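**Student:** I'll drop the sequence and a predicted model, then ask my questions.
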Amino acid sequence: RRERQEHDSDSVSYGSEDKSLSYRSTDSDGNAAGGGERPSQSDLVVAGASEVVEYAKYLGIDPLRELQLLRIAQEGLQAPLPEGWSEHEDAEGNIYYYHIASEQSVWQHPLDNFYKDKVARERAKLHERRRHREAKSRKASSCSESAASRQFPTQPVVI
């Protein structure tokens with residue numbers, strides 16, 4: 001069960017005993033910010049599974065078939081801005097990110113591509129492990145079939 005808790009900084013968080021919660025942003029009404037984009041760092045709230053699933057989809061994760069990759073989405077939601085970046089809001093309420101050293105602004109969170117690449121790397125590792133397991137299983141299966149055919153003749157033996 002979650003209870004809404006107001007804070008001095010206009011942010012809202014939810015108390016819960018669930019230790020696997022992550023952070024996400026909301027607009028002034030407490031609704032999810034970004035419309036499918038990575039949540040901003042402002043007005044943080046403790047997020048539940050639906051926010052992790054939303055960000056997972058944004059990263060290209062199929063939350064129903066790739067449960068092992070959801071931890072990457074959760075990690076991405078909790079990650080702070082990299083050194084030298086700051087978050088800002090334009091006059092229309094859109095979040096953008098400013099890099100101090102390069103003096104450049106971007107709409108996409110600076111870590112989104114990092115987490116998309118991490119998903120691709122982890123997915124490749126999972127596929128390789130699966131192929132290895134299947135090959136090992138086929139080899140074990142063919143060995144046991146071969147041994148079984150030697151031990152149990154298919155034709156009756158007449159003495």
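**Tutor:** Received the coordinates, thanks. If you're wondering where the values come from, they're calculated on a predicted model, not measured in any experiment.

**Student:** what ranges do the helices span in this structure?
**Tutor:** 49-59, 70-78, 112-151 (DSSP state H).

**Student:** Need those helices in TSV (columns: mean pLDDT, distance to Trp85 and mean neighbour count).
**Tutor:** C-beta coordinates here come from the backbone N, C-alpha and C atoms, glycine included. TSV is the format used below for the helices of the chain (pLDDT from 0 to 100; distance: least, Cβ to Cβ, whole Å; neighbours: other Cβ atoms under 10 Å):
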stretch	mean pLDDT	distance to Trp85	mean neighbour count
helix 49-59	93	18	19
helix 70-78	94	15	19
helix 112-151	83	12	11
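
**Student:** mind putting the ones you listed in JSON lines, distance to Ile159 included?
**Tutor:** Shown next, in JSON lines, are the helices of the chain (distance: least, Cβ to Cβ, whole Å):
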{"stretch": "helix 49-59", "distance to Ile159": "67"}
{"stretch": "helix 70-78", "distance to Ile159": "64"}
{"stretch": "helix 112-151", "distance to Ile159": "18"}
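
**Student:** of all these, which lies closest to Val106?
**Tutor:** helix 112-151 (9.7 Å; Cβ to Cβ).
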